[in-house]
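K.L.:
predicted structure and sequence below. I'll ask about it afterward.
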Amino acid sequence: MLIVGENCLKNFLKDNNNSCPIEPHDNCQYFKTKMLQKFIGNLPIMCFKQFQQDVNVWTKKETPGKIECNFKGELKDLQHHFDNECPFTLIDCWFKPFGCNHKCHKQTLNHHLISNMNFHFNLVMKLFQSMKQTIQLHQ
């Protein structure tokens with residue numbers, strides 16, 4: 001018996017003319033098991049984004065990137081990891097409210113802020129001038 005995620009299996013079948021991933025035959029059938037679904041959340045896993053990077057490095061023979069995620073936990077904790085801890089998660093620049101739309105990894109945010117200091121300063125000054133003009137119009 002092959003245990004695989006429903007979306008992964010559906011994508012595989014769609015991309016391979018509904019041919020079975022185990023042995024060659026058409027019209028592959030599958031079913032869900034409630035008992036197995038109860039235990040899925042406790043399966044030990046690594047960070048999916050780290051896995052994707054590792055696969056890309058291996059298949060394209062690229063040199064590994066600087067970003068590494070050492071998450072080793074359970075499937076049920078993965079969403080919290082992506083939302084709060086994962087270094088692969090993109091975050092908005094601190095100057096987004098002023099007009100900077102750059103997104104970067106947590107590990108590269110400082111580099112972005114420092115290398116674009118003049119750009120960020122100009123964004124703040126532009127907003128300051130706009131607010132100053134609005135105040136003058138209302139006085």
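P.N.:
Ah, there it is. If you're wondering where the values come from, they're calculated on a predicted model, not measured in any experiment.
K.L.:
quick check on the most centrally placed residue in the chain: phi, psi?
P.N.:
In the chain, the centroid-proximal residue (CA atoms, centre = their mean) is residue 89; its distance is 4.9 Å. Dihedral pair for residue 89: phi -70, psi 130, per degrees, to the nearest 10.
K.L.:
next: residue 104.
P.N.:
Main-chain torsions, residue 104, degrees, to the nearest 10: phi -150, psi 170.
K.L.:
tell me the contacts of it?
P.N.:
90, 91, 93, 111, 112 (CB atoms under 8 Å, 6 or more residues apart in numbering). For every residue, glycine as well, the C-beta is placed using N, CA and C.
K.L.:
now do the same for residue 64: its pLDDT.
P.N.:
pLDDT for residue 64: 55.
K.L.:
meant to ask about residue 5, not that
P.N.:
For residue 5, pLDDT reads 72.
K.L.:
what's the answer for the one 5 residues further on, then?
P.N.:
According to the per-residue confidence, residue 10 scores 81 in pLDDT.
K.L.:
return the set of buried residues in the longest helix along the chain.
P.N.:
Across the chain, the helix with the greatest residue count (assigned by DSSP state H) is helix 117-138. Buried residues in helix 117-138, counted by 16 or more other CB atoms under 10 Å: 120, 123.
K.L.:
which one of the contacts of residue 104 is nearest to residue 125?
P.N.:
Taking CB to CB as the measure, residue 125 sits nearest to residue 93 out of these, at 16.5 Å.
K.L.:
you'd agree that closest one is up against residue 111?
P.N.:
No - judged on CB atoms under 8 Å, residue 93 makes no contact with residue 111 at a distance of 11.5 Å.
K.L.:
ignoring the adjacent residues along the chain, who's closest to the residue nearest to the centre of the chain?
P.N.:
Leaving aside its chain neighbours, residue 89 sits nearest to residue 82 (5.8 Å; criterion: CB to CB, 6 or more residues apart in numbering).
K.L.:
pull the distance from the host helix or strand of that neighbour to the chain's centre.
P.N.:
In the assignment (DSSP states H and E), residue 82 maps to helix 78-84. Put simply, helix 78-84 sits 10 Å off its chain's centre (CA atoms, centre = their mean, to the nearest Å).
K.L.:
appreciated, that's everything.
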